[in-house]
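1. coords below, sequence missing:
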């Protein structure tokens, strides 16, 4: 998929350093997370190893990675079908507003539809008004759900 000078393509392990840099910028905004190259490298590697259920894309311009997006298929019991969980969407600050984020999400949507996913979902930082506005302009809507998390560990009867 191309738009003027931007090309969307499948990422490879060769792209991990650039993707980790983009994620570090994202994690400066999303205070729930922090940049850790080794963790990002491991996570991306896990996505690459499950190409049937995961998709990792990069946006390239002038032979430079300027954006990335990832999605994973999960089973939705509510839908009775697959759902695509969009894990990461980030475009370099200097490249925002040029359509790259839209191109990345469109490519993820095409991938999800081909795999018979009936819904896409994502989490966004509630303080990131620019991202929330972007998603709303693309037709994403908020739900009544809230995100909860905890570190995976034995529950010891709790």
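-> Happy to help now that I have it. This one's a predicted model, so the numbers in the text were calculated from it and none came from an experiment.
2. which secondary structure element contains residue 86?
-> In this assignment (DSSP states H and E), residue 86 forms part of strand 81-91.
3. give me the sheet partners of that strand and which way each runs.
-> With DSSP bridges as the test, strand 81-91 is paired with strand 64-76 (antiparallel), strand 117-122 (parallel).
4. that one: what's the following helix or strand?
-> helix 100-114.
5. that next one - contacts with which helices or strands?
-> Secondary structure elements in contact with helix 100-114, counted by 3 or more CB pairs under 8 Å, 6 or more residues apart in numbering; DSSP states H and E, are strand 6-10, strand 54-61, strand 64-76, strand 81-91, strand 117-122. In short, each C-beta sits where N, CA and C put it, glycine included.
6. kindly recompute the last result at 7 Å.
-> Helix 100-114 makes packing contacts with strand 6-10, strand 54-61, strand 64-76, strand 81-91 when contacts are defined by 3 or more CB pairs under 7 Å, 6 or more residues apart in numbering; DSSP states H and E.
7. partner strands of the second one, with direction?
-> Paired strands of strand 54-61, with direction, are strand 6-10 (antiparallel), strand 64-76 (antiparallel) (DSSP bridges).
8. what angle do the helix or strand just after the shortest one and strand 64-76 make?
-> Past strand 6-10, heading to the C-terminal end, the next element that is a helix or strand (DSSP H and E) is helix 16-29. With axes from the mean of the first three to the mean of the last three CA atoms, to 10 degrees as the basis, helix 16-29 and strand 64-76 are set at 70 degrees to each other.
9. still on that earlier bit, tell me the most buried of the strands paired with strand 54-61?
-> By mean neighbour count, with neighbours taken as mean count of other CB atoms under 10 Å, strand 64-76 ranks first of the strands paired with strand 54-61 at a mean of 20.
10. rewinding a little: neighbouring contacts of the strand holding residue 86?
-> When contacts are taken as CB atoms under 7 Å, 6 or more residues apart in numbering, the neighbours of strand 81-91 outside the stretch itself are 22-23, 25-26, 59, 66-76, 100-101, 104-105, 108, 112, 115-122.
11. then stretch 61-78?
-> Outside of stretch 61-78, the residues that reach it under the criterion CB under 7 Å, 6+ apart are 5-6, 11, 15, 18-19, 22, 47, 53-60, 82-92, 95, 100-101, 104-105, 108, 111-112, 115, 117, 119.
12. give me the buried subset of these.
-> Under a neighbour-count criterion of 16 or more other CB atoms under 10 Å, the subset of the contacts of stretch 61-78 counted as buried comprises 6, 11, 15, 18-19, 22, 47, 54-60, 82-92, 95, 100-101, 104-105, 108, 111-112, 117.
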